[in-house]
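> Give me coordinates for this.
(2 chains)
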Amino acid sequence: MTAVLAFLTRRRGHKRFDLTDWLTWGYLLAAVFLMFGPVFWLALSSFKTESALQEYPPTMLPLAPVTVTVEGYEDPLQLFRVTGGEHEGKVLAQVRRIGLNAQMVDPANPGERLNVNINDRVPEREFTLAIGNYTTLFDRFNFALYFWNSVFITVVATIITVLFNSMAAFALSKYKFRGRTLVFILIIATLMIPPTINLVPIFLVVSELGLVNSPWAVIWPAVATPTGVFLLRQYMLTIPDDLLDAARMDHASEWRVYWRIVLPLSAPALAVLVIFSVMWRWNEFLWPLIVLNRSEQFTLQLALNSFQGDLQTAWAPLLAMTVLTLLPITLVFAVLQKYITAGIAQSGVK
Amino acid sequence: MFAPVTTAASWLYRGAFEIFERPMLAIQKMTGAQRIAWVFLFPNLLIFSLFTFLPIILNFFYATTGSDRILLSERPYVGAENFASLLACENYLDPNSCGRDIFWRAVHNTGWFVVLQVGFMILFSLVTALVLNRDIPFRGFFRSVFFYPVLLSPVVVALIWKWILQRYGVLNATLEGWGFPVVNWLVEADWAFFWIVFVSIWAHMGFYTLILLAGLQAIPSDVYEAAEMDGASKWRVFSKITMPLLMPTMVVVIVLSLIRAVQAFDEIFVLTGGGPGSATLLVLQFIYETGFAFRPQLFGLAAAASLLMAAVLLVLTLLQLAATRKQAEG
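Alright, predicted model coming up:
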């Protein structure tokens, strides 16, 4: 116990908890609240029923009215706590409401009907997760389709990105040929030209290729990332050429040298590129918004956007869908966070 | 959990090798072992040509032609008309005096957005990096706390905050409980602008914190030890050692975030849609709406606006190059 306390209160040099330590911890705890709080609130809210979501002020936890089956009544009846009048303190089930009066019964004594003023009762509620928000996504909102579209684009684009970029990086790092520097500079120069300034002409190319409203319209323009080529080339430069030459002496083909020697040795850099590519494609929004106009082609991001744009936003399924959209990235992050942060800190790309 | 993924990956790895081995061997017999480099380069270069190099050139053709046709052969040449229409303005500080007042509103908003978002984000990132650089327990955890929102998609980020900020949302409920007046955050222009700045700082600061933290950790500890021996005050250590040594990283971070902020779109589009009115409309949304969302689709105008944005980005990138070169020279 004292060891834990010593660990928690360790400081550089000085012995007492001074002002900067208090400020540090205050700042960090406020940050945990501010950074995680909104996501946590979203997740909690996504388990509330639509009527609980309409409530103002909102309750912290997802609560739902309690119902009981009472002898002599077919449908379950809602439970209320009586706060005033002659039955004060009792917990009663409501049979029906007539004007300002509620007809109620005591579940323990179902024979007798009691009249209670509706202002004298509050609903009994308990912690209930409204799983319905999630199941309705599959029944009514085509969630599986959007999810599949997103997964397809992400997986296929990532495979092609890694393949094409590593091939180019291999050529640029392991061969000497005329024009190599020029090609490299051309590729690096495109780092400075974000796709956002070429939206119109890229759209022309995509539509001329007949790709509009197909997942390939999102995949093809994105797979030749200059970042990936640069990242992999820098890494492959560190692989000793002797290794490749030894394989060539054993009559390995160039393809075999690339695939069986260089690729496995570049695994750390490839992993970084895979993580980036998954993140880029899964989260991409503007370009799919331009080229995917039919709802059956929507990615999750587009589906979320189009639901929130409806005049009468149905928050319950929307919140559940948002949670399911952030879940894969959150899981990947939870497992790989060390590698992700290290990869980003080293390469300076996002 | 990863077992099926690794199985699929190794299956893919072996399968792809065998599929490509024979054709690549045949190609190698034709090209020889050196010129095959071009074959390895080819797929990437083809994609680059189609979706990067070619569009850069085409952009100029679009910017100088009119009409709502996408095919260049059907578009009449209009010279600098698109640029003239965008730039026609009596007083650039007053969007109402401009021919395309919406565009200039977007430019003004983007200008303010860039200054405020980058300024405050760098400030918070620096403070956070300094805090995380201290010897505190659970440092890895706290680092990921700040970094987590960076991974979230812009649409998710926008929806998370929209849910909090709506009229009957949790923020208003809390403030009302404390006796403050209720505000319709995303409907009042000034507040909406505040929130787009706030939310984009929230979403992106973790990335810059991480880079600044790496910069801080690269500062050799003996410099600090020497300062401590000389009895330098904390402020002196910060202003005379930490800041000067962090400056190169700082410059990169500032330029990088400027480039991103000029192209801001996703979160803001979902959060406010540019509204109320055009209070949070930024340049990229103007380009998107002019070229794609609104009818008739004014591709020429959108391309011209893109080129103006590209000019700004080019200046920023050259600044970055100059800065990194200076850094490399030490």
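
> care to break the chain down by domain?
Picked chain A for this. If you go by automatic domain parsing, the domain ranges for chain A are A:2-45, A:67-123, A:141-347.

> Actually, chain B is the one I wanted.
According to automatic domain parsing, the ranges for chain B are B:3-46, B:81-329.

> For the stretch 1-150 of chain A, just list every one of the strands.
With strands called from DSSP state E, counting those that start in this stretch, the stretch 1-150 of chain A shows them at A:63-65, A:67-68, A:77-82, A:91-98, A:101-106, A:109-117, A:121-123, A:125-127.

> Nearest to chain B, out of these?
strand A:63-65 (14.9 Å; C-beta to the nearest C-beta). The way it works is simple: take the backbone N, C-alpha and C, and place the C-beta from them, glycine included.

> name the helices or strands packed onto the closest one?
strand A:125-127 (3 or more C-beta pairs under 8 Å, 6 or more residues apart in numbering or on different chains; DSSP states H and E).

> Quick check: neighbours of the strand it packs on in the sheet, parallel or antiparallel?
Looking at strand A:125-127 with DSSP bridges, its partner strands are strand A:63-65 (antiparallel).

> follow-up on the earlier one: between the domains of chain A, which gets nearest to chain B?
The nearest among those, by C-beta to the nearest C-beta, is domain A:141-347 at 3.5 Å.

> pLDDT on that closest one, on average?
Mean pLDDT, domain A:141-347: 88.

> Off-centre distance for it?
Domain A:141-347 sits 17 Å away from the centroid of its parent chain (C-alpha atoms, centre = their mean, to the nearest Å).

> In this structure residue B:147 contacts residue B:207, no?
Yes. Residue B:147 lies in contact with residue B:207 (C-beta atoms under 8 Å); the separation is 7.3 Å.

> For the residue nearest to residue A:280 when sequence neighbours are not counted, list the residues it contacts.
Computed as C-beta to C-beta, 6 or more residues apart in numbering or on different chains, the closest residue to residue A:280 that is not its neighbour in sequence is residue A:222, at 7.2 Å. Residues in contact with residue A:222 (C-beta atoms under 8 Å, 6 or more residues apart in numbering or on different chains) are A:157, A:161, A:280, A:281, A:284, A:287.

> What is the helix or strand hosting residue B:117 packed up against?
Applying DSSP states H and E as the criterion places residue B:117 in helix B:101-132. Helix B:101-132 sits against helix A:19-45, helix B:139-151, helix B:189-217, helix B:243-262, helix B:283-288, with contacts defined as 3+ C-beta pairs under 8 Å, 6+ apart.

> a strand runs through residue B:16, doesn't it?
No. Assigned with DSSP: H, G, I helix; E, B strand; the rest coil, residue B:16 falls outside any strand and is helix.

> Look up how far chain A lies from it.
Applying C-beta to the nearest C-beta, to the nearest Å, the value for residue B:16 to chain A is 8 Å.

> Same question for residue B:163.
As for residue B:163, its distance to chain A is 6 Å (criterion: C-beta to the nearest C-beta).

> any idea of the pLDDT on that residue?
Reported pLDDT for residue B:163: 90.

> residues in contact with residue A:20?
Counting by C-beta under 8 Å, 6+ apart, residue A:20 makes contact with residue B:234.

> ok, now which ones touch residue 47?
Let's take chain A. Here residue A:47 is in contact with A:62, A:129, A:130, A:131, A:133 (C-beta under 8 Å, 6+ apart).

> wait, I meant chain B there
Residue B:47 neighbours (C-beta under 8 Å, 6+ apart): A:164, A:220, A:221, A:223, A:224.

> what does residue A:129 give?
By C-beta under 8 Å, 6+ apart, the neighbours of residue A:129 are A:47, A:62.

> let's go with 10 Å and repeat that
Residues near residue A:129 by C-beta atoms under 10 Å, 6 or more residues apart in numbering or on different chains: A:44, A:46, A:47, A:48, A:49, A:61, A:62, A:64.

> still on that earlier bit, can you tell which of the domains of chain B is closest to residue A:201?
Closest approach to residue A:201 among the domains of chain B is made by domain B:81-329 (7.3 Å; C-beta to C-beta).

> and residue B:270, how many neighbours?
23 (other C-beta atoms under 10 Å in any protein chain shown).

> Which strands or helices does the helix or strand it falls within pack on?
Counting by DSSP H and E, the element that carries residue B:270 is helix B:266-271. Under the contact definition 3 or more C-beta pairs under 10 Å, 6 or more residues apart in numbering or on different chains; DSSP states H and E, helix B:266-271 sits against helix A:286-291, helix A:300-309, helix B:154-165, helix B:189-217, helix B:283-288.

> let's go with 7 Å and repeat that
If contacts are counted by 3 or more C-beta pairs under 7 Å, 6 or more residues apart in numbering or on different chains; DSSP states H and E, helix B:266-271 sits against helix B:154-165, helix B:189-217.

> do the longest one and chain A meet at all?
Yes. Using C-beta under 7 Å from any C-beta of the partner chain as the criterion, contacts between helix B:189-217 and chain A involve B:207, B:210, B:211, B:214.

> quick one: which of those residues is nearest to chain A?
Set against chain A, the nearest of the residues of helix B:189-217 next to chain A by C-beta to the nearest C-beta is residue B:214 (4.1 Å).

> Surely residue A:177 is in a strand?
No. Counting by three-state DSSP, residue A:177 is not found in a strand; it is coil.

> Now it. Nearest residue, chain neighbours left out?
Nearest non-adjacent residue to residue A:177, counting by C-beta to C-beta, 6+ apart: residue B:37, 5.1 Å away.

> Show me which residues of stretch B:313-325 are buried.
Under the neighbour-count criterion of 16 or more other C-beta atoms under 10 Å in any protein chain shown, stretch B:313-325 has B:313, B:316, B:317, B:320, B:323 buried.
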